[in-house]
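Q: following is a predicted model, sequence given first.
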Amino acid sequence: MAEPEPEAVAGLASKSLVNQAPGEVEKKYDVLAVNLVCTWKFGDGFTDTCAICKASLYEASLDCQAHNIEDKKHDGWHLCTGMCDHAFHYDCIKKFTQRGRNNCPVCNAPWEEKSVVAISSMNDA
Ligand SMILES: [Zn+2]
Ligand SMILES: [Zn+2]
């Protein structure tokens, strides 16, 4: 004996947008990409992925990988950290600033180099 199936009623309850805060929303910059890769932190604001080329900061820059550059003295094998504590491959941030934008691609702070370290030295440690 088959059980009578209840009629499937399409209950499309519309989600009301309750998060819309009244008042002004100050928009300082457009978010072009959101990097959700954050397994552990090296320091404040340090992520292990280059926000410019999206390659791991424990490996050479995407450009280096694409061109098979294995010379560890190349900029792509170095990490450059700015005063805002965001880190990028040295060649990535160099190319970025050479395009006329002297701001951190992540937080938009004026870009100022704080330190440059060889990626190989981090792996060896
Ligand atoms: Zn990079
Ligand atoms: Zn920054």
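A: Now that the structure is in, tell me what you want to look at. Ligands and ions are numbered 1, 2, ... in the order given.
Q: can you give me the helices for this protein?
A: Residue ranges of the helices in the chain, as given by DSSP state H, are 62-66, 90-98, 119-124.
Q: ranking those by burial, who's on top?
A: Highest mean neighbour count of those: helix 90-98, a mean of 19 (counted as mean count of other Cβ atoms under 10 Å). C-beta here means a position set from N, CA and C on the backbone, and glycine is covered the same way.
Q: wait, residue 28 touches residue 108, no?
A: Yes. Between residue 28 and residue 108 there is a contact under Cβ atoms under 8 Å: 7.2 Å.
Q: the two: which is more packed in?
A: The neighbour comparison of residue 28 against residue 108 (other Cβ atoms under 10 Å) goes to residue 108, with 12 against 5.
Q: tell me how far the more buried one lies from ligand 1.
A: Separation of residue 108 from ligand 1 (Cβ to the ion, to the nearest Å): 18 Å.
Q: and residue 115, by the same measure?
A: 16 Å.
Q: what of residue 95?
A: In this structure, residue 95 lies at 9 Å from ligand 1, with Cβ to the ion as the measure.
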